[in-house]
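Asks: Pasting the sequence and the predicted model now:
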Number of protein chains: 2
Amino acid sequence: MGFPRLGGICTRRMNDLVLPAHRLKAIAVSLLKAAGVPETDAELVADSLVEANLRGVDSHGVLNLGIYVERIRLGLVELHPTFPLLGGGSGTALIDGQNSLGQVAAMRAMELAVTKAREAGMALVGVRNTNHCGMLAYFTSRAVREGMVGFASCNAPVVMAPWGGKERLLGNNPICVAIPAGSQQPIVLDMANSVAAKGKVYAAQSRGERIPEGWALDRNGQPTTDASAALDGGSLLPLGGPKGSGLALVMDVLAGVMTGSGFSREVGSLHRQLTRGMKVGLLMGALNVESLVPLSSFRQLVDSYVQQVKGSQPAPGFARVHLPGELELESRARRSAEGIPIPQKVWEELETTARELGVEL
Amino acid sequence: MGFPRLGGICTRRMNDLVLPAHRLKAIAVSLLKAAGVPETDAELVADSLVEANLRGVDSHGVLNLGIYVERIRLGLVELHPTFPLLGGGSGTALIDGQNSLGQVAAMRAMELAVTKAREAGMALVGVRNTNHCGMLAYFTSRAVREGMVGFASCNAPVVMAPWGGKERLLGNNPICVAIPAGSQQPIVLDMANSVAAKGKVYAAQSRGERIPEGWALDRNGQPTTDASAALDGGSLLPLGGPKGSGLALVMDVLAGVMTGSGFSREVGSLHRQLTRGMKVGLLMGALNVESLVPLSSFRQLVDSYVQQVKGSQPAPGFARVHLPGELELESRARRSAEGIPIPQKVWEELETTARELGVEL
């Protein structure tokens, strides 16, 4: 492993390299551009990845750059989408994602939703057939910057059985809602529907540890604490049984079926299906609060709501009570100041990608 | 207890009286009318309650007639609301619920959403300050009948602490999404956000049984299996920890704060706060699928989706895999044919209410 020479900007902490966000973003932009992504789109994708790292959501961060570039190099992604409009009313739209980079389609959809919501009050924009779009909170934050409530969902490769079943038919189709506040940080709920993320099962497997009961079924639909059994043809369990399963299913039908994208087993795996686009479907929504009530009074009320929750008594074992998204925004503040830790393995992958593209890191 | 003379229409099963739906609805209408509810509204509220009973959601059925009538008799409900429009765009509206019966406001809001969605493609209608509105699936079904996706949420009296806290600040604010199919039944997800419904904790308490671990905290924020400790100042635990807590919080902010209704502790208890209206806030949404894609092809795809899930292999311990809302619609078919079982205690309460109103059952 070579150490990057960044004129003292980069440091090491534990086994991680620590990079300032702007430096990490510059690396991501240079790799994406070298792979053929137009500059504006490279900036967008890089920003979304680094924003995920800033928020501590490393699973959606630059960790994915390598596979994004690999998919591009294999010709599996359309880098010059025109996003034709396939349908819509004053408060809806459906655009053809044309197998684009997911972030590019998602931001296009959210910006259209925001524009339409300015007139209609509320707008929902679907995207047909795009790819992995990273952290949904990146797009809902776009609506929040306009003083709107942002909503986002997408479907994803299958990892769960529907409740009561043993066949993997459902992705961990995430849902994100972001609500603007006044002087407080926005409320940002960004959640998937399994009890535990698949990444945690992989992590347990790589450490040779068992996973807790209630996380997964094996390939026969039996509860298992064996991480390998869960991953090898098994499935993750949905949170709250039929509830998490129902949320994932409904989001597959709306983001996938309704948009004319892939759904259920048709959604491709980011890492393991390197023969075609992923056929991911997206839904992006914006609600213009001002169309209903004065935004300034809404902001004040949200502030007082946030303060009430933050000021409430924690349960034993908790230092304090957090709002949805609060820990991520605290991470953002901390990592903006102190830099983003990059595990050695991720850095080595970035180096490999850079070497393949002929880019000097 | 007197037995109703219904000319052989009513029967007894176990300790329950069994009434045909039309008979139960006629009873509900007569009680509501006698309490002063205008005929059209009485029909609507009665229909929503009996529909809940038909679907097996007895907690939202005629069980509530007694307390509805009591609140009306105490002057806590406005029976002649005009639902002034407070704001909105082509795809949004906010109406003043004027402390009306919740079902009346909810149906008005959903019908407005459906009308607006026909033009805009999608519409979201908020209601400020109404009361308990029963089963949300009743209203989303209205959108489904128009070939639209229905969305509904409301806030509710506090029963949960936010994740990590010990103070009850959140209602079990439910979310409902209903999706039209073709020849298959619609998909209807109607869920609250606690691990277990409060009714189940009451049921355990009345049987002198302990509740399972993971359902509740006591008043000190400690996990408890004592139903009374959970109910006496304790709180229900949200499903999936921060996720269920986040969903409940976000719905309180959108349905409660944004609509200018009560929120958090301001939402009144249906049974225990007999001094004022409940200040419930509602959100009703309709998405006109046809604005995005041809409705007929969407219906076909949903049918095949439903068939794939239903036809998938069940896990050990499950006879088959169910779609969200499928069990409720099976109950509806069964109870439509065989009648609705009414527990003796509920029947006695209906008799008491009837006697107070001078109505012959």
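Replies: Yep, that arrived.
Asks: ok, which stretches of the stretch 151-300 of chain A are helices?
Replies: A:198-207, A:227-231, A:242-251, A:295-310 (DSSP state H, counting those that start in this stretch).
Asks: Specify the stretch among those helices that is closest to chain B.
Replies: Taking CB to the nearest CB as the criterion, helix A:242-251 is the member of the helices of the stretch 151-300 of chain A that comes nearest to chain B, at 3.8 Å. C-beta coordinates here come from the backbone N, C-alpha and C atoms, glycine included.
Asks: Tell me which other helices or strands that closest one touches.
Replies: Counting contacts by 3 or more CB pairs under 8 Å, 6 or more residues apart in numbering or on different chains; DSSP states H and E, helix A:242-251 is packed against strand A:170-171, strand B:187-191.
Asks: any chance of those in CSV, plus mean neighbour count and distance to residue B:255?
Replies: Supplementary listing: the helices and strands packed on helix A:242-251 in CSV, determined by neighbours: other CB atoms under 10 Å in any protein chain shown; distance: least, CB to CB, whole Å:
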stretch, mean neighbour count, distance to residue B:255
strand A:170-171, 31, 27
strand B:187-191, 23, 15
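Asks: just to revisit the earlier point, tell me the most buried of the helices of the stretch 151-300 of chain A?
Replies: Of all the helices of the stretch 151-300 of chain A, helix A:242-251 carries the top mean neighbour count, a mean of 27, counting by mean count of other CB atoms under 10 Å in any protein chain shown.
Asks: Let me know the secondary structure of residue A:24.
Replies: Three-state call for residue A:24 (DSSP: H, G, I helix; E, B strand; the rest coil): helix.
Asks: Nearest residue to it in space, please, no chain neighbours.
Replies: Excluding its sequence neighbours, the residue lying closest to residue A:24 (CB to CB, 6 or more residues apart in numbering or on different chains) is residue A:50, at 5.2 Å.
Asks: Touching, the one you found and residue A:340? I think so.
Replies: Yes: at 7.3 Å, residue A:50 counts as touching residue A:340 under the criterion of CB atoms under 8 Å.
Asks: Turn the helices and strands packed on helix A:242-251 into JSON lines, columns for distance to residue B:75 and mean pLDDT.
Replies: JSON lines is the format used below for those (distance: least, CB to CB, whole Å; pLDDT from 0 to 100):
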{"stretch": "strand A:170-171", "distance to residue B:75": "49", "mean pLDDT": "98"}
{"stretch": "strand B:187-191", "distance to residue B:75": "31", "mean pLDDT": "98"}
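Asks: which residues do residue A:50 and residue A:340 both contact?
Replies: With contacts taken as CB atoms under 8 Å, 6 or more residues apart in numbering or on different chains, residue A:50 and residue A:340 have A:21, A:24, A:61 as neighbours in common.
Asks: ok, these vs residue B:249, which is closest?
Replies: residue A:61 (26.1 Å; CB to CB).
Asks: ok, back up a step: now for the residue nearest to residue A:24, how many residues are close by?
Replies: Close neighbours of residue A:50, defined as other CB atoms under 10 Å in any protein chain shown, add up to 26.
Asks: Over to it. Which of the three states is it?
Replies: Secondary structure of residue A:50, reduced to three states by three-state DSSP: helix.
Asks: And the pLDDT for it?
Replies: With respect to pLDDT, residue A:50 scores 98.
Asks: contacting residues around it?
Replies: For residue A:50, the contacting residues are A:21, A:24-25, A:28, A:61-62, A:340, taking CB under 8 Å, 6+ apart as the criterion.
Asks: Report the contact partners of the nearest residue to residue A:173 once chain neighbours are set aside.
Replies: Leaving out its chain neighbours, the residue that sits closest to residue A:173 by CB to CB, 6+ apart is residue A:251, at 3.9 Å. Each residue near residue A:251 by CB under 8 Å, 6+ apart is listed here: A:153-155, A:173-175, A:193, A:283.
Asks: Break chain A down into its structural domains.
Replies: What automatic domain parsing lists as the domains of chain A is A:11-75+A:339-357, A:93-189+A:248-322, A:195-237.
Asks: Can you give me the end-to-end span of the shortest one?
Replies: Read that as domain A:195-237. Looking at domain A:195-237, the gap from its leading to its trailing residue is 6 Å under the measure CA to CA, to the nearest Å.
Asks: Just say helix, strand or coil for the residue nearest the centre of chain A.
Replies: By CA atoms, centre = their mean, the mean C-alpha position of chain A lies nearest to residue A:135, the distance being 2.0 Å. Remark: residue A:135 carries the secondary structure label coil [criterion: three-state DSSP].
Asks: Next up, the contacts around it.
Replies: Residues A:48, A:51-52, A:55, A:57, A:60, A:190 are the ones in contact with residue A:135 under the rule CB under 8 Å, 6+ apart.
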